[in-house]
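Novice: Test case, fold it:
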Amino acid sequence: MKNFNEYFSNDPNNDTDAYNENGMLNQYFDMIKRHDYSYMYSDDHRSWSAGTKSEKRIEEMVHALCTIVRVDAERLLEDSLSEVEEGFVDGLTHKTIKSWFKPYIG
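Specialist: Prediction:
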């Protein structure tokens, strides 16, 4: 993973509020590593429901990081893809991660 300050497009040399930004990035990467990318195929409603909630929280985190914190969306996507194995059916994990970034990358 890159140095956290490299993500921020507003001023990469400004460490004054980096604690909160770093905390959000740590939380985001932890969330995407733990996410069940196959939840939509589950016959168990609890698993499906938990996966749906997890994905919604991740999408909210991506939105906050890209619009409020102003991280570089392309760099965050690139690092997200490198943090999570492509795995599952037809690269579902990477397809899912890319879908989270569609509103932020042209």
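Novice: Regarding this structure, what is its longest helix?
Specialist: helix 45-63 (DSSP state H).
Novice: From the chain's centroid, how far away is it?
Specialist: 12 Å (Cα atoms, centre = their mean, to the nearest Å).
Novice: likewise stretch 84-91?
Specialist: Counting by Cα atoms, centre = their mean, stretch 84-91 comes out at 15 Å from the chain centroid.
Novice: all helices for this protein, in order.
Specialist: Along the chain, the segments classed as helices by DSSP H run 18-34, 45-63, 73-83, 92-101.
Novice: Just put those in TSV and tack on mean pLDDT.
Specialist: As requested, the helices of the chain are exported to TSV (pLDDT from 0 to 100):
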stretch	mean pLDDT
helix 18-34	87
helix 45-63	97
helix 73-83	96
helix 92-101	95
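Novice: Let me have the ones you listed in TSV, extended by mean neighbour count.
Specialist: From N, CA and C alone the C-beta is placed, and that goes for glycine too. Shown next, in TSV, are the helices of the chain (neighbours: other Cβ atoms under 10 Å):
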stretch	mean neighbour count
helix 18-34	15
helix 45-63	14
helix 73-83	17
helix 92-101	17
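Novice: who touches the longest helix of the chain?
Specialist: Helix 45-63 is contacted by residues 24, 27-28, 31-32, 34-36, 38-40, 42, 76, 96, 100-101, 103-104 when judged by Cβ atoms under 8 Å, 6 or more residues apart in numbering.
Novice: hmm, 7 Å instead?
Specialist: Residues from elsewhere that reach helix 45-63, judged by Cβ atoms under 7 Å, 6 or more residues apart in numbering: Met24, Gln27, Tyr28, Met31, Ile32, His35, Asp36, Tyr39, Met40, Ser42, Trp100, Phe101.
Novice: Check those residues against Arg70 and report the nearest one.
Specialist: Nearest to Arg70 among the contacts of helix 45-63, counting by Cβ to Cβ, is Met24 at 11.7 Å.
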